[in-house]
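dropping a prediction and its sequence here:
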Amino acid sequence: MQIRPLSTDALPASSGGASATQVAATQATGTARAPAPSRTDTPAAATGTALRPTEQTARPGQLQIARTQQALDYLQGLDEALEGLKSAASAQLAHLAQPAQQRQTPGAQAEASAALSARQLQHVQALWRQRGQASGGALDTQLRLAPDGVARQAFKVPGLDARSLQLDQGETLSFITGASASSERRIATAVIGPGLNAAQQARSLDLALAPAGVRLHTDAAGEVTLSSREADWPAVREGFSVRGGGVRFPARQFHRLQASPQPDALQPDTWRADDATALRDTLRQLVPAQQRVQAAVQQAQGQLDALDRSASSPDTDGATRLAERQAWATRFAQDFQQVGEQAPYAVFAALAPALQGISRERVDALLR
């Protein structure tokens, strides 16, 4: 499989002429820019992010420490709120479980107990809605810490799954992810060659989608999950579209796919404290929810401790960053070699010298 621009709009602007390096960079990112009246042609590689070092290799470690500490503070506060809700709901349920003639609590106190449960529940619900801002954007809906401090939303779309990656027929797939503004809409195109295995197809699709704001992941069972930045998720949910060649997806025009988000680790908006039945159901969900939050607390605390140790050992920290950069360079070389082995790359490389010095104005003048 290879990744190629959808149209020549992805080629560099004419101000300085197209170089072979610029053309290769455009081919490596695998995206094309759809025509937009408000902007001129821009190299696709200028905005692609799939083959660049991660943020933590380019910023001081103190920034990551601050993010992790903020996420840890949020998780600890959420754990305390869950514990408070559990205690209030248990007390109210125990009171309701007593026969009316045996209840020793006056009616006013019973009402106060119910009000306390309601307030605790509202507090947990509010905390969960504030997760993104309160954690500095570092915690995703699964309570995982984002390595670069930008939480992502995992989702699935019909047709892009393990079964489709097992097909060995060749096909050209073009995607509009919706992850960028309409004036900067990016079309990602991947050409699936016949005979590629599922891992090769997944890797090439990921390379094609990454510059357009979406990543593709596969688990041990081969199931496909996509992800976008949480800030982009509403647009992706409404605009994710694909055009195929009639093998995996229909041809000729883009078809919108219904993107389904991965369920949140906690769903407090579904919890209720109205009566005994609702309280029991809430308590059943509270126990595993608190376990997940406590596991996330331990993970964040462990990462914070590791960052503190790294910050106190500059030599070790420098060696780690160097190793990360070397690993990134190795992956970049492998990806570039994969693109370079495809025929279209050689064609663009041969055309690049001939295109030097040819501007849009000269072409327009010749056509008049």
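That came in fine, so what should we check first? Residues are numbered from 1 along each chain as shown.

mind listing the strands for the stretch 201-350 of the chain?
For the stretch 201-350 of the chain, the strands defined by DSSP state E, counting those that start in this stretch cover 214-218, 224-229, 241-243, 255-256, 260-261.

now for these, which one comes closest to A300?
strand 224-229 (20.1 Å; C-beta to C-beta). All C-beta spots, glycine's among them, are computed from the backbone N, C-alpha and C.

what are the pairing partners of that closest one, and which direction each?
Applying DSSP bridges, strand 224-229 is found paired with strand 152-156 (antiparallel), strand 214-218 (antiparallel).

for R152, find the nearest of the strands of the stretch 201-350 of the chain.
Comparing these under C-beta to C-beta, the one sitting nearest is strand 224-229, at 4.3 Å.

show me what counts as buried in the closest one.
224-229 (16 or more other C-beta atoms under 10 Å).

what does stretch 274-287 give?
Buried-residue list, stretch 274-287, by 16+ other C-beta under 10 Å: 278-279, 282-283, 286.

and what of stretch 137-153?
Buried residues in stretch 137-153 (16+ other C-beta under 10 Å): 137-146, 148-149, 151-153.

ok, stretch 111-131 next?
113-114, 116-118, 120-121, 123-125, 127-128, 131.

which helices and strands does the strand or helix carrying A88 pack with?
Counting by DSSP states H and E, the element that carries A88 is helix 61-97. Other helices and strands packing on helix 61-97, by 3 or more C-beta pairs under 8 Å, 6 or more residues apart in numbering; DSSP states H and E, are helix 107-129, helix 131-134, helix 276-311.

so which elements touch the last one?
If contacts are counted by 3+ C-beta pairs under 8 Å, 6+ apart, helix 276-311 sits against helix 61-97, helix 314-340.

by mean pLDDT, point me to the weakest helix or strand of the protein.
The helix or strand of the chain with the poorest confidence is helix 20-29; it has a mean of 38 (mean pLDDT, DSSP states H and E).

related to what we said a few turns ago, out of the helices and strands packed on helix 276-311, nearest to I192?
Nearest to I192, of these and by C-beta to C-beta, is helix 314-340 at 13.4 Å.

quick one: average pLDDT of the closest one?
For helix 314-340, the mean pLDDT works out to 69.

show me where pLDDT drops low in the chain?
Residue ranges of the chain with pLDDT under 70: 1-60, 99-109, 180-185, 313-321, 335-368.

per-domain residue ranges of it.
Annotated domains of the chain cover 1-48+158-258+315-368, 61-145+272-312 [automatic domain parsing].

for Q267, phi and psi?
phi -130, psi 60 (degrees, to the nearest 10).

list just the nearest of the buried residues of stretch 274-287 to A81.
L286 (10.8 Å).

any idea how far R292 is from that closest one?
11 Å (C-beta to C-beta, to the nearest Å).

on that earlier part again, looking at the helices and strands packed on helix 276-311, which is closest to A220?
Closest among the helices and strands packed on helix 276-311, using C-beta to C-beta: helix 314-340, at 20.7 Å.

quick one on the thing from earlier: taking the buried residues of stretch 137-153 one by one, which sit in helices?
Using DSSP state H, no member of these sits in helices.

of those residues, closest to D168?
Nearest member of the buried residues of stretch 137-153 to D168, counting by C-beta to C-beta, is R152, at 30.4 Å.

return the set of residues that bridge with the nearest residue to the closest one once chain neighbours are set aside.
Once flanking residues are discounted, R152 sits nearest to S227: 4.3 Å by C-beta to C-beta, 6 or more residues apart in numbering. Per DSSP bridges, the residues bridged to S227 are A154, R215.

which residues does S227 contact?
152-155, 214-215, 217 (C-beta atoms under 8 Å, 6 or more residues apart in numbering).

could you report the distance from it to L78?
In terms of C-beta to C-beta, S227 sits 23 Å off from L78.

next one: G178
Taking C-beta to C-beta, one finds G178 at 31 Å from L78.

more neighbours: which of these two?
L78 (28 against 25; other C-beta atoms under 10 Å).

right, and the more buried one touches V293 too?
Yes. Using C-beta atoms under 8 Å, L78 is in contact with V293, at 5.5 Å.

how close does the nearest residue in space to H217 that is not next to it in sequence get to P261?
Distance criterion C-beta to C-beta, 6+ apart; nearest residue to H217, sequence neighbours excluded, is T225 at 5.0 Å. Using C-beta to C-beta, T225 is found at 11 Å from P261.

contacts only, for D79.
Contacts of D79 (C-beta under 8 Å, 6+ apart): 290, 293-294, 297.
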